[in-house]
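Trainee: Need a 3D model of the following:
(one chain, ligands or ions: 2)
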Amino acid sequence: FPVKEIKTTPYDGQKPGTSGLRKRVKVFQQEHYTENFVQAIFDSVDAKGQTLVIGGDGRYFSPETVQTILRIGSANGVAKFIVGHNAILSTPAASNIIRKYKAYGGILLTASHNPGGPNNDFGIKYNMSNGGPAPEEVTNKIYAKTKSISSYKVIESDPVDLSKIGSFTYGPTKVDIIDSVKDYVELLESIFDFDLIQSFLLTNSDNFKVLFDGMHGVTGPYGRAIFVDKLGLPLSSVQNAVPLPDFGGGHPDPNLTYAHELVENVESRNIQFGAASDGDGDRNMIYGKGAFVTPSDSVAIIADWAEEAIPYFKSGVKGVARSMPTSKQIEYVAKKKGLTCYEVPTGWKFFGNLMDAGKLSICGEESFGTGSDHIREKDGVWAVVAWLNIIAFANKKSPNQLVGIKELLQKHYALYGRSFFSRYDYEEVSSEGAQKLVDNINEHITKDTLLKTTHESKSTGQSFTVSETVNFDYTDPVDGSVSKNQGQIIRFSDGSRVVFRLSGTGSQGATVRMYVERYVAPEKGAAVLNGDTAEGLKGLIEVALEISKLKEFLGREKPTVIT
Ligand code: VG1
Ligand code: CO
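Mentor: Ligands and ions are numbered 1, 2, ... in the order given. The predicted structure follows:
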């Protein structure tokens, strides 16, 4: 099979962000653009003679890119590709396939929760043999290669038909097209108590209804296989379950803004348990009638119940973790249980090292990401089934009163207190404005000019005194690698804090995230603990906006999204 060498020149800006390279489809469609990046991957990892997995969320431009990877990968000596049926493998399913079949790594075609279609986003992400996203050391190498690339290699063979499951060849390379769902369903069956969940759902089919929203992303078929085929729920318990290349024109991000269809149906159809997942299936939102679970609370509650309720954790939880901007709720649980709680930078890659070292079982991010060491990615459907497992177990323990999402939350707050948490996103602002905002806070940090200053909220009368300002740097406890400037933290003497961070997943302009958190102790009583988040945080948000001069620097009166 003759290998052709094709001349090319470098493109600017092929630097992978928080989770791979994400750009507009039109950018990827430029001549040699995708080829350059794919060749840069093969120049950075030695995949000769190895097996690689290809998956993704099925978004627009995925099938073409699979063929590009086959062409270039084959020419670079890859022995075998395992490819999801129709180019589809959710991010967690791909992580599982890499681990289960001991592949050398994987290439995931996804821009996660970003909209898809010819005028929206595409993405390419490389994962390692542990099933997790490539660490910065590797992504930096890929980026460096993209800057000096002068040619890429291809083998020209007939394209592989991605719609046929089975074993094929591409030039000298074996290609296995596999069922996208089967291995993943087996994985979840080995983790959770499906019998318990099923019998709970069956006995309560009238007063505990379930609705899962695939948002036309990748999780529809996974959701149907689990909720309908395995757990016996009616077909009406899944919606938007057919993956579409443009996600039906929607924004496949499971939060109160973009998953409004789920929220409306849950409220109007009186559904006790609703859930949604994002484009590539690694995020989740849990929302029952009148009860929204913040992701920070979700991971804390899962950590609290795991050992008792979920078979996978019967032998004990090794440790827990959160990303820095995520609320401290999980720390209160860890403290009570005598577990170590690690704090890592944003992005799932930092959890993997701790898991590989046997230090971490359950972790989460405020950005609707929850997961465990069963794989090395966050896992949306896993989190949904974890909640069902916990609810089924809690109901077995208290057979006389139905325990739903709201009851679990209230019980949790009464025991641990509650960290009120919210995130404000200012999307696609000017890069200069964002930089000025960051520079201004940095100046405060280096000169200590905010320290001990007191700020009063005009609307609530609360006052907040700054106790610390710091830039978050992380040293990996396993390999000692250092990641600097992972977010700016302003702490207050009552334990509240505000964090500012620039997003690393946007495809245009800059996106500023502001995270606010305020702790309320159990002694404050149920009325305060179960109060509204926006109310609980009003004063702190006012102060945060004032201190940072955010509106001035960004020229925006209001955030684009509040979660
Ligand atoms: C965002 C989230 C982060 C998450 C990342 C990937 O990153 O904040 O918590 O890990 O997206 O999620 P950033 O850099 O834009 O803040 V996904 O579902 O896109 O793979
Ligand atoms: Co995602």
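Trainee: The residue nearest to Gln239 when sequence neighbours are not counted and ligand 1, how far apart?
Mentor: Ranked by Cβ to Cβ, 6 or more residues apart in numbering and with sequence neighbours excluded, the top spatial neighbour of Gln239 is Asp213, at 5.2 Å. From N, CA and C alone the C-beta is placed, and that goes for glycine too. For Asp213, the distance to ligand 1 equals 16 Å [Cβ to the nearest ligand atom, to the nearest Å].
Trainee: what's the answer for Ser180, then?
Mentor: 18 Å.
Trainee: surely Leu554 meets Gly433?
Mentor: Yes - if you go by Cβ atoms under 8 Å, Leu554 and Gly433 touch, sitting 4.8 Å apart.
Trainee: just to revisit the earlier point, now do the same contact list for the residue nearest to Gln239.
Mentor: If a contact means Cβ atoms under 8 Å, 6 or more residues apart in numbering, then Asp213 has 238-240, 254, 259, 261-262, 274-277 as its contacts.
Trainee: Also Ser481?
Mentor: By Cβ under 8 Å, 6+ apart, the neighbours of Ser481 are 135-137, 475.
Trainee: Please identify the one among the residues you listed that lies nearest to Asn119.
Mentor: Set against Asn119, the nearest of the contacts of Ser481 by Cβ to Cβ is Glu136 (30.7 Å).
Trainee: Now do the same for the nearest residue to the closest one once chain neighbours are set aside: its pLDDT.
Mentor: Among residues not flanking Glu136 along the chain, Ser483 sits closest, at 6.6 Å (Cβ to Cβ, 6+ apart). Ser483 carries a pLDDT value of 89.
Trainee: Could you say which helix or strand holds Arg501?
Mentor: Assessed by DSSP states H and E, Arg501 sits inside strand 497-502.
Trainee: C-alpha coordinates for the next helix or strand after that strand, PDB please?
Mentor: Counting by DSSP H and E, the element after strand 497-502 in chain order, helix or strand, is strand 510-520. Extracted C-alpha coordinates of strand 510-520, given in PDB (Å, rounded to 0.1, in the frame of the first residue of the first chain):
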ATOM      1  CA  ALA A 510     -13.300  35.000  25.100                       C
ATOM      2  CA  THR A 511     -15.700  33.600  27.700                       C
ATOM      3  CA  VAL A 512     -15.400  34.800  31.300                       C
ATOM      4  CA  ARG A 513     -16.800  32.600  34.100                       C
ATOM      5  CA  MET A 514     -17.600  34.000  37.500                       C
ATOM      6  CA  TYR A 515     -18.300  31.400  40.300                       C
ATOM      7  CA  VAL A 516     -19.800  32.500  43.600                       C
ATOM      8  CA  GLU A 517     -20.200  30.400  46.700                       C
ATOM      9  CA  ARG A 518     -21.600  31.100  50.200                       C
ATOM     10  CA  TYR A 519     -21.900  28.500  53.000                       C
ATOM     11  CA  VAL A 520     -24.800  28.300  55.400                       C
END
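Trainee: and the helix or strand just after strand 510-520, which residues are buried?
Mentor: Once the chain leaves strand 510-520, the next helix or strand it forms, by DSSP H and E, is helix 526-529. Residues of helix 526-529 classed as buried: 528-529 (neighbour count, 16 or more other Cβ atoms under 10 Å).
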